[in-house]
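Participant: how would this look folded up:
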Amino acid sequence: MASMPWLAFWINGRHIEGMTNLPEIIYHMAHESDWTAAGETGAYAGSPDDLRDGFIHFSTAAQIRGSAAKHRAGQTDLLLVAYRTADFGVELKWEGKTTLFPHFYGKLDPVHAATVVALPLGDNGQHVFPGEID
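Facilitator: All right, here's what the predicted structure looks like:
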């Protein structure tokens, strides 16, 4: 994991700052049609859930399978989009009540994605992740 020297985040409404190590890569699940449209305009504002919540939901490699099962179960048109945490500024915040999730407050430029791969459903109905995901 790459080390970032300083992290600011919110827990239970309290602003916390401290030294920490962040994962080098975080993941977002985008609908293929939304991502394709964003490639044409240069700006991805997120899914309807992201727009409702006011930020783009990301997950770490350890969190993404659970996020897919809980929020994207059965969806067949998904892409797994990876971004490097070092490429974000203050718009990336780590928030949560008990578990911290990365949230991006802004629009993503698709050309800055580290990788974009299809996230198909397997025979068991669960998404099939690439090998680098835990």
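
Participant: centroid-nearest residue for the chain?
Facilitator: By CA atoms, centre = their mean, the chain has its centre lying nearest to F58, at 2.0 Å.

Participant: my guess is it meets I25, correct?
Facilitator: No - judged on CB atoms under 8 Å, F58 makes no contact with I25 at a distance of 9.8 Å. Bear in mind the C-beta positions are built from the backbone N, C-alpha and C, glycine included.

Participant: identify the contacts common to those two.
Facilitator: In terms of CB atoms under 8 Å, 6 or more residues apart in numbering, F58 and I25 are both contacted by the residues Y83.

Participant: check the residue nearest to the centre of the chain and give its pLDDT.
Facilitator: On pLDDT, F58 comes in at 97.

Participant: what about L121, distance to G89?
Facilitator: Relative to G89, L121 is positioned 35 Å away (CB to CB, to the nearest Å).

Participant: higher neighbour count, those two?
Facilitator: L121 (16 against 6; other CB atoms under 10 Å).

Participant: can you name the residues bridging to the more buried one?
Facilitator: L121 forms beta bridges with H127, as assigned by DSSP bridges.

Participant: which residues touch it?
Facilitator: Per CB under 8 Å, 6+ apart, neighbours of L121: 74, 76, 127-128.
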